[in-house]
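Fold the stuff below for me.
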Amino acid sequence: QVQLVESGGGLVQAGGSLRLSCAVSGRSFSNYAMGWFRQAPGKEREFVARISWSGGMTKYADSVKGRFTISGDNKENTVYLQMNSLKPEDTAVYYCAGDRAWYADIEPHQYGYWGQGTQVTVSS
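The predicted structure is shown next:
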């Protein structure tokens with residue numbers, strides 16, 4: 001059974017940094033697409049970043065471009081989201097997602113596997 005487990009969330013002041021981790025177990029995602037999404041209270045789940053693990057191709061939402069970096073460690077079967085220059089509007093529950101379709105992109109329905117989420121709160 002595939003499991004995605006996020007960690008690394010917390011409370012940080014505006015301008016600070018956090019690194020989220022997503023540990024994948026049950027199978028290797030080395031040829032899959034992995035993504036990070038977030039959902040703020042009262043809002044829809046939105047795309048943050050994605051990576052094609054085998055090719056390393058990345059894509060970012062405009063709102064996080066230049067501040068967030070997605071990366072993957074095949075040996076550790078872990079995907080990371082380094083978040084710098086955090087803003088209060090980055091406050092949300094962050095979810096890791098994965099799918100065997102390497103072309104899974106920015107829509108939540110394109111991903112078949114999800115973690116439970118980790119809370120990120122940025123204070124002003």
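
C-alpha only now, for contacts and for neighbours.
Will do.

what about residue 13, neighbour count?
Other residues within reach of residue 13, judged by other Cα atoms under 10 Å, total 14.

which ones are touching the spatially closest residue to it that is not a sequence neighbour?
Excluding its sequence neighbours, the residue lying closest to residue 13 (Cα to Cα, 6 or more residues apart in numbering) is residue 123, at 4.8 Å. Neighbouring residues of residue 123 by Cα atoms under 8 Å, 6 or more residues apart in numbering: 11, 12, 13, 14, 87, 88.

quick one: which two of the residues you listed are the most distant?
Checked with Cα to Cα, the contacts of residue 123 reach their widest spread between 11 and 87, with 11.6 Å between them.

anything in contact with each of these two?
Common contacts of residue 11 and residue 87, defined by Cα under 8 Å, 6+ apart, comprise 122, 123.

Specify which residue of the two has the higher count of neighbours.
A count of neighbours by other Cα under 10 Å puts residue 87 above the other of residue 11 and residue 87, at 19 against 14.

From residue 119, how far off is the more buried one?
14 Å (Cα to Cα, to the nearest Å).

again with residue 113
Taking Cα to Cα as the measure, residue 113 and residue 119 are separated by 19 Å.

Compare those two (neighbour count), which wins?
The residue with more neighbours, out of residue 113 and residue 119, is residue 119; 19 against 16, by other Cα under 10 Å.

so which helix or strand takes in the most centrally placed residue in the chain?
Nearest to the mean C-alpha position of the chain, by Cα atoms, centre = their mean, lies residue 36 at 2.3 Å. With elements delineated by DSSP states H and E, residue 36 resides in strand 33-39, which encompasses its position.
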